[in-house]
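Trainee: give me a model of this one.
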Amino acid sequence: MTEPLPDARSSPAARRDILFRAFLAAFLMLFVGMVLTLLVADLMYPKAVHWRQALTTGRAEVWFAIRLSLLTSTITLIASVIVALPSAYVLSRFKLPGATIIDTIIDLPIVIPPPVIGLSLLVAFGPKGFGIDAFLEGRFGFAMMYEAWGIPLAQFMVAAGFCIRALKAAFDSINPRLEHVARSLGCSSWQAFWRVSLPLARNGLIAGAIMTWARALSEFGPILFFCGATPGKTEVLPISMFLNYSEAKIERAVVLALIMVLIAAGTLISFKKLGGKGYLW
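Mentor: From the prediction side, this is the model:
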């Protein structure tokens, strides 16, 4: 009569392995639980005062904020891609003198506090800086300080760095030998870029564009400092939430926060569906 084999899960080594995994997973679940707690709190709060009431009393303001946010974020996205596409390719393919310094400068707007960017824009455009705002108003008839025109610029100064990093990661994942083969078959540098590298980087470009758009939509500090918080004028979604909170309209502020959470969740899902997890750093 054969004896049953010992259960591997009951061995001391297996039990230690299970405890080790459970210990590490506990930290992950702790953070997940904290995020879910915040989301559930936001979802439950408007029920006390009714969602419809919170939205109906300020419907025009909410829709203005949504429209302005979508418009400025889209403008920022287009400008960021126009700048980021050649910049990322240069960083990925060329050896530049002072590459570390250039890399650091590109990353600065990402890591410094966003209000610093807004304040720096205010100084640069002001009369005691470079006087850019006075030049624009005198030559072209519009200003950017404390105007809606300045919102895409404030968003761009932060979001463009994300776009450059995402596109650089996409180009880094493409073997340069493919371009060399294309050139050996008669393609010029431009043709190799447009016909080989860019199509292969398509998913990275789309994923980077989605994250850049979402980042622009969520900007608050630079817009507050450079463009102000004027209702019906510079009132993008984060500014609108801030204004409602300042006026003790907590219910409407929470509803606006949930709208931004839904937009952010949608963009993240789109990003991951496009295989974007390898496109940031």
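Trainee: and the strands in the stretch 151-281 of the chain, which stretches?
Mentor: Assigned by DSSP state E, counting those that start in this stretch, the strands in the stretch 151-281 of the chain number zero.
Trainee: just the stretch 1-150 of the chain next, same as before
Mentor: Counting by DSSP E, counting those that start in this stretch, the stretch 1-150 of the chain contains no strands.
Trainee: so, low pLDDT: which residues of the stretch 151-281 of the chain?
Mentor: Low-confidence segments of the stretch 151-281 of the chain (pLDDT under 70): 274-281.
Trainee: just the pLDDT for the closest residue to residue 161 other than its chain neighbours.
Mentor: Spatial nearest neighbour of residue 161, excluding adjacent residues (Cβ to Cβ, 6 or more residues apart in numbering): residue 110 at 4.5 Å. Any C-beta I mention is one placed from the backbone N, CA and C, and that applies to glycine too. Per-residue confidence (pLDDT) for residue 110: 86.
Trainee: report the contact partners of residue 110.
Mentor: Each residue near residue 110 by Cβ atoms under 8 Å, 6 or more residues apart in numbering is listed here: 158, 161-162, 165.
Trainee: residue 147 reaches residue 234, doesn't it?
Mentor: Yes - in this structure, residue 147 is within contact of residue 234 by Cβ atoms under 8 Å, at 7.2 Å.
Trainee: quick one on the thing from earlier: just the contacts of residue 110: which are in helices?
Mentor: 158, 161-162, 165 (DSSP state H).
Trainee: which of those are buried?
Mentor: Buried members of the ones in helices among the contacts of residue 110, scored by 16 or more other Cβ atoms under 10 Å, are 158, 161-162, 165.
Trainee: want to throw the residues you listed into a markdown table with distance to residue 142?
Mentor: Shown next, in a markdown table, are those (distance: Cβ to Cβ, whole Å):
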| residue | distance to residue 142 |
| --- | --- |
| 158 | 22 |
| 161 | 26 |
| 162 | 27 |
| 165 | 31 |
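Trainee: re earlier: how close does the residue nearest to residue 161 get to residue 238?
Mentor: 18 Å (Cβ to Cβ, to the nearest Å).
Trainee: before we move on, what about residue 165?
Mentor: Distance, residue 165 to residue 238, by Cβ to Cβ: 22 Å.
Trainee: can you check residue 44 too?
Mentor: From residue 44 across to residue 238, the span is 22 Å (Cβ to Cβ).
Trainee: more neighbours: which of the two?
Mentor: Neighbours were counted for residue 44 and for residue 238 using other Cβ atoms under 10 Å; residue 238 has more, 21 against 10.
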